[in-house]
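> compute the structure for the input listed below.
(2 chains)
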Amino acid sequence: DGGITQSPKYLFRKEGQNVTLSCEQNLNHDAMYWYRQDPGQGLRLIYYSQIVNDFQKGDIAEGYSVSREKKESFPLTVTSAQKNPTAFYLCASRETARRLPQHFGDGTRLSIL
Amino acid sequence: DQQVKQNSPSLSVQEGRISILNCDYTNSMFDYFLWYKKYPAEGPTFLISISSIKDKNEDGRFTVFLNKSAKHLSLHIVPSQPGDSAVYFCAASRINNNDMRFGAGTRLTVKP
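Alright, predicted model coming up:
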């Protein structure tokens, strides 16, 4: 079964701690995306990657970092510089950056202890 | 800047009736529009899309209408079923661009 797997489903972070959210896809998609969802708001783009070893900032990249060392993996690190990290994080992928629609994982809910 | 707006945070309809979800956008450069459905604690699932060269696209019970002059699109669900109860997100994109914008979502409740 092809799809996008995000783990963990729930994550708790202490103040001042970095945490990494995992996103793996077996769809052989080139492009991958990270979004953040807050209550009453649409999804906002954090980072995206069109190809391995390349990634670009989205609208709200401050306090986040990513890597794309393998085609199937696009982990997101929420650093201590992100002052309001509590949110629902969604990973998505597309066959290529120009091919819609994009497909989403089931998300990770991050909370601050 | 909210380039895509869903002005109704919630909608309640009776089973068997029509559900109409609305979406407005401001950027005339958008040329591809999508609707996603989301259940709690799950990721959005692609539902239906429409290119700007069309004004209607139909898939079973779901129809999306696009009015480019008004920068407005709508999703019609006929007949509505209790399983349709979810949050629906409208999204707009430029097909050769990574810039996809989402509305805030409309929570649809279909009552038996």
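
> ok, residue B:3 - how many residues close by?
As a burial measure, the neighbour count of residue B:3 was computed by other CB atoms under 10 Å in any protein chain shown and equals 17. All C-beta atoms are positioned from the backbone trio N, CA, C, and that covers glycine.

> near chain B, which residues of chain A?
A:4, A:6, A:9, A:31, A:33, A:35, A:40-45, A:48, A:50, A:56, A:90, A:92, A:97-98, A:100-107, A:109 (CB under 8 Å from any CB of the partner chain).

> so which of these are in strands?
Using DSSP state E, A:4, A:6, A:31, A:33, A:35, A:44-45, A:48, A:50, A:56, A:90, A:92, A:103-104, A:109 are the members of the residues of chain A next to chain B that sit in strands.

> how close does the most centrally placed residue in chain A sit to residue A:84?
Here the mean C-alpha position of chain A is nearest to the C-alpha of residue A:34 (CA atoms, centre = their mean), at a distance of 3.0 Å. Here the criterion is CB to CB, to the nearest Å. By it, residue A:34 lies 16 Å from residue A:84.

> wait, isn't residue A:22 in contact with residue A:6?
Yes - applying CB atoms under 8 Å, one finds residue A:22 in contact with residue A:6, separated by 6.6 Å.

> so the two - more neighbours on which side?
Higher neighbour count among residue A:22 and residue A:6: residue A:6, with 21 against 16, using other CB under 10 Å.
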